[in-house]
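> Can you look at this prediction? I've put the sequence above it.
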There are 2 protein chains.
Amino acid sequence: MTDAEFGYVTPENLSLFTDRYELTMLQGYHAAGHEPRATFSLFFRDLPPDRGYVVAAGLEQVVDYVETLSFGERALDHLAERGFEADFLDRLADFEFSGELRALPEGTPVFPDEPLLEVTGPIFEAQLLETLLINQVAFQSLVATKAARMAEAVDRHGDDQSLVDFGSRRAHGTDAGMKAARAAYVGGVDGTSNVAAGEAFDLPTYGTMAHSWVQSFPSERASFEAFVEEYGDDSVLLVDTYDTVEGARLAMDVADEYDAKVGVRLDSGDLVALSTAVVDVVDGDIFVSSGIDEYKIARFLQEGGVATGFGPGTSLTTSRDAPSLDAVYKLVAVEEDGEMRPSMKLSAGKTTYPGAKSVRRIAGDDGPERDVLALRGEDGSGEELLVTVFADGERVYDLPGLDAIQDRTRERRRRLPHGCRDLRDPASYRVDVSDDLQAATDDLAAELRE
Amino acid sequence: MTDAEFGYVTPENLSLFTDRYELTMLQGYHAAGHEPRATFSLFFRDLPPDRGYVVAAGLEQVVDYVETLSFGERALDHLAERGFEADFLDRLADFEFSGELRALPEGTPVFPDEPLLEVTGPIFEAQLLETLLINQVAFQSLVATKAARMAEAVDRHGDDQSLVDFGSRRAHGTDAGMKAARAAYVGGVDGTSNVAAGEAFDLPTYGTMAHSWVQSFPSERASFEAFVEEYGDDSVLLVDTYDTVEGARLAMDVADEYDAKVGVRLDSGDLVALSTAVVDVVDGDIFVSSGIDEYKIARFLQEGGVATGFGPGTSLTTSRDAPSLDAVYKLVAVEEDGEMRPSMKLSAGKTTYPGAKSVRRIAGDDGPERDVLALRGEDGSGEELLVTVFADGERVYDLPGLDAIQDRTRERRRRLPHGCRDLRDPASYRVDVSDDLQAATDDLAAELRE
């Protein structure tokens, strides 16, 4: 009989959460005595469809990983079983990050080719971080972006409606449920249904009843009475199990009976028509769920739907219309003869800008107008967006709390040019490549093609 | 200074990985003394786009969850902080599943409205399982299906090429990376790049080098030499960093130098043209990555591309073209006056079939021809697909190993009607609703509409 296995990722096996090639390369660097310093950049090449910007998120998890990454007995035993060499494993046992990490603070809008993270250190260390860094940052950035778009839809068409993440069940596994709740908060939602995420990240949690509550009682009225009896003014009654408008009337009857101010939730049907029908009946919040995304929020509000809050689910936690960000982690500089030389590959369609970078955001009268992607250390105007998070292996950056990050996202989103915040076919935000970076790129490409 | 927090899900907080409404309902059931037995069905309403079937997966994680689910001190303390009542928390502290679970064995093709899981027990227990069961089963089933489609593409157009999951970095968090590796194996891939998944699920792991290996050396030749020196015949050299065909020639030079049989990997460019160009040069495996999915595999092979293996990544671990399965967990029967009465909701577009179910698969000469969805206990021909996994809280089902599950997937996929395995616009597989189930549905709907 096979024992059932959940497959947890914990501090005991997180170091193994890596692509095998990272470890074969590390063993190879070690065996060859090939130990240059190297700089890797984490960036994406293209914006996902209908995105005019991406919200950087996930740095806190990167910091935790870099600070705690180590290979314990369980990990080392497993690697020995899989054929890694004793001498290499001894070195892994002493693994500790001694390098530098620069990053965009969470909540910063970011554009193609701009590094979200830049790691400089011994190649043995910097190489290893690749898989987990992409895994955490790409996903959280996707979800933070999706949430920011929903906040944008409310800004443009609504009246400060609340947004609550209801999507843990459809997220891709448990970590996705946790991190989607966190990233959605970064992007602008007010809380989550996920209790574990509420605990881990100190987020507000919400939720009252499902259809099963209503169906499990002999009558809809009996189900509402039992709920309001227990929860009073905290009750949000799900009214669409049988007939939405009748359900809303019944909810108000029961509210009167218990002298409670109760809200209702609509979860199916023509939400605009139903919400305008129940608004005359309901004295309390009207919460709308069922397939909510930024497009549906905008349409609902434009068509006169009435709601005090929305509960996006699947579309939020899977970033359903754009479920992947093509984030990569590329070697951009490597030590040779004591100097850092810029590096790039020429692979068709996958060319990268060489060298450690600077990202400067240039302000106009109404907010940022363009960015300049430059070589690190170049002179130039504008706000340098990359901050140093680790130097010589020590953390030198205080992580802001989630509320501060959410504020940053909101503020920076609202200052972006209006057109690049459009939900469909947004305008492009201008990112210039500095003359020096372009020259370095052209020179290196020519040299490599010789 | 905020402490960095990774947000692990472990046995200490897995019980909190639930939507808050499950717990408010449980507290409400408890407070109201409303404790009927109930049956919940986990099913999906519609196949994702271009899918003719879904491969059921994730049961092992469901079993582990049901067997181990409990509320420890950390969870109870948190719930107390969030306002749950002491009396209710005392009861949660004693939580243990005492009910029944029926399920489709992993690797079974499944169609809309057919239960993948059916849980019967005290509503206090059965209700609570919802969030985690959907979270695990929907995602793994999506990925197993995606992998099965890639295996189908190889079956139809290829020559037994290997498939390796390369997508952990783009999976939605760590659990997604782990479970995607597992589910991809269920669906038919040969292994994964993810070392932690290899350890947890005893899967083969693969991987050799990234572009950073090549770039980090003073020359491509030096990088290949260092690798082959260390790994000999296990070397797969990435040859597209600068010029693919030149890189392949160089790889073979180095192979000769070390008298090793080395393979190559192509990761960019016109893969058909490059693979046919390097096949004349390369004496070893040709592994192809870069945006691989079932459509690209089929096209590559149809257009004469040459490869011994493929490394799908993002498209596999995010099920990119269909990143969500609309799986739901619905109350279908509830105890009243000592009898289980069928239950359904009438919500527009979300009607469900009431009652505990039977799923029978009817064979024709060449394999299954149609399914019959019926009320549990109805007479009928065909193979009953649902097996009993827990009875009275005790596990009564031996979980097969992953190799057996992979065999089941392959065998059952190959026996499905050819048209419903097409990668685009597949034919519909026929699922009949039994007369008794249809009559029960109509009668109950009429009664509820009165």
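Arrived safely, thanks for sending.
> Neighbours of residue A:413, how many?
21 (other C-beta atoms under 10 Å in any protein chain shown). The C-beta positions use only the backbone N, C-alpha and C, and glycine is treated the same way.
> Chain neighbours aside, what residue packs nearest to it?
Using C-beta to C-beta, 6 or more residues apart in numbering or on different chains and skipping the chain neighbours, the partner closest in space to residue A:413 is residue A:148 (5.4 Å).
> Low-confidence ranges, the stretch 251-400 of chain A, go.
Judged against pLDDT under 70, the stretch 251-400 of chain A has no low-scoring part.
> Tell me the residues of it that contact chain B?
A:267-270, A:314, A:318-320, A:323-327, A:330-331, A:334, A:336, A:343-350, A:398-400 (C-beta under 8 Å from any C-beta of the partner chain).
> then stretch A:18-32 to CSV, C-alphas only?
Extracted in CSV, the C-alpha atoms of stretch A:18-32 (Å, rounded to 0.1, in the frame of the first residue of the first chain):
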residue,chain,number,x,y,z
THR,A,18,15.1,24.1,-8.2
ASP,A,19,15.6,22.8,-11.7
ARG,A,20,18.1,20.0,-11.7
TYR,A,21,20.3,21.9,-14.2
GLU,A,22,21.1,24.5,-11.6
LEU,A,23,22.6,21.8,-9.4
THR,A,24,24.5,20.1,-12.3
MET,A,25,25.9,23.5,-13.3
LEU,A,26,26.9,24.2,-9.7
GLN,A,27,28.6,20.8,-9.4
GLY,A,28,30.3,21.6,-12.7
TYR,A,29,31.5,25.0,-11.7
HIS,A,30,32.8,23.5,-8.5
ALA,A,31,34.6,20.6,-10.3
ALA,A,32,36.1,22.9,-12.9
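> Tell me the gap between it and the middle of its chain.
29 Å (C-alpha atoms, centre = their mean, to the nearest Å).
> same question, stretch A:98-118
For stretch A:98-118, the distance to the chain centre is 13 Å (C-alpha atoms, centre = their mean).
> Can you give me the end-to-end span of it?
14 Å (C-alpha to C-alpha, to the nearest Å).
> buried sites along the longest helix along chain A?
Ranked by residue count and defined by DSSP state H, the top helix of chain A is helix A:130-157. Across helix A:130-157, burial judged by 16 or more other C-beta atoms under 10 Å in any protein chain shown covers A:130-154, A:156-157.
> Equivalent analysis for stretch A:44-51, please.
Counting neighbours by 16+ other C-beta under 10 Å, one finds that the buried residues in stretch A:44-51 are A:44, A:47, A:48, A:51.
> The last one in helix, strand or coil?
For residue A:51, the secondary-structure state derived from DSSP: H, G, I helix; E, B strand; the rest coil is coil.
> I figured it was touching residue A:424, is that so?
No - applying C-beta atoms under 8 Å as the test, residue A:51 and residue A:424 come out as separate, 10.4 Å apart.
> Now do stretch A:309-329: distance from first to last residue.
Across stretch A:309-329, first to last residue, C-alpha to C-alpha, it's 38 Å.
> how distant is it from the center of its chain?
Centroid displacement of stretch A:309-329 relative to its chain, using C-alpha atoms, centre = their mean, is 8 Å.
> Likewise for stretch A:317-334?
The answer for stretch A:317-334 is 11 Å, by C-alpha atoms, centre = their mean.
> Distance check, residue A:309 against residue B:437.
37 Å (C-beta to C-beta, to the nearest Å).
> Give me the residue at the spatial middle of chain A.
residue A:140 (1.6 Å; C-alpha atoms, centre = their mean).
> Who are the contact partners of it?
A:57, A:58, A:61, A:179, A:180, A:182, A:183, A:186 (C-beta atoms under 8 Å, 6 or more residues apart in numbering or on different chains).
> Chain B next: which of these are close?
Okay, of the contacts of residue A:140 touching chain B (C-beta under 8 Å from any C-beta), that's A:61, A:179, A:180, A:182.
> Report the buried members of the residues you listed.
Buried among the ones next to chain B among the contacts of residue A:140 (16+ other C-beta under 10 Å): A:61, A:179, A:180, A:182.
> Of those, just say which sits nearest to residue B:446.
Closest approach between those and residue B:446, by C-beta to C-beta: residue A:180, at 40.9 Å.
> in what helix or strand does the closest one lie?
Assigned by DSSP states H and E, residue A:180 belongs to helix A:174-187.
> go on, residue A:439?
With DSSP H and E as the criterion, residue A:439 is inside helix A:435-449.
> SS state for residue A:372?
strand.
> whoops, residue A:330 was the one
Bear in mind the rule, three-state DSSP; under it residue A:330 is strand.
> Now it: closest residue in space that isn't a chain neighbour?
Excluding its sequence neighbours, the residue lying closest to residue A:330 (C-beta to C-beta, 6+ apart) is residue A:352, at 4.9 Å.
> hmm, back to that, CA-only coordinates of the helix holding residue A:439 in CSV, if you can.
In CSV, the C-alpha atoms belonging to helix A:435-449 read as follows (Å, rounded to 0.1, in the frame of the first residue of the first chain):
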residue,chain,number,x,y,z
ASP,A,435,23.1,55.4,-25.8
ASP,A,436,25.8,53.7,-23.7
LEU,A,437,23.7,50.6,-23.2
GLN,A,438,22.8,50.5,-26.9
ALA,A,439,26.4,50.9,-27.9
ALA,A,440,27.5,48.2,-25.4
THR,A,441,24.8,45.9,-26.8
ASP,A,442,25.8,46.5,-30.5
ASP,A,443,29.5,46.2,-29.8
LEU,A,444,29.1,42.9,-27.9
ALA,A,445,26.8,41.4,-30.5
ALA,A,446,29.3,42.3,-33.3
GLU,A,447,32.1,40.8,-31.3
LEU,A,448,30.2,37.6,-30.6
ARG,A,449,29.2,37.3,-34.3
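> Any residue of it touching chain B?
Yes - on the criterion C-beta under 8 Å from any C-beta, helix A:435-449 is in touch with chain B at A:448, A:449.
> Go ahead and name everything in contact with that helix.
A:342-344, A:346, A:351, A:353-355, A:357, A:373-375, A:378, A:433, B:242.
> Among those residues, which lie within strands?
Those of those mapping onto strands are A:342, A:357, A:373, A:374, A:375, A:433, per DSSP state E.
> with those residues in mind, which one is nearest to residue B:261?
Nearest to residue B:261 among these is residue A:342, at 35.0 Å by C-beta to C-beta.
> Show me what the closest one bridges to in the sheet.
Bridge pairing for residue A:342 (DSSP bridges) gives the partners residue A:333.
> Now for it: which residues touch it?
Contacts of residue A:342 (C-beta under 8 Å, 6+ apart): A:332, A:333, A:354, A:355, A:440, A:444.
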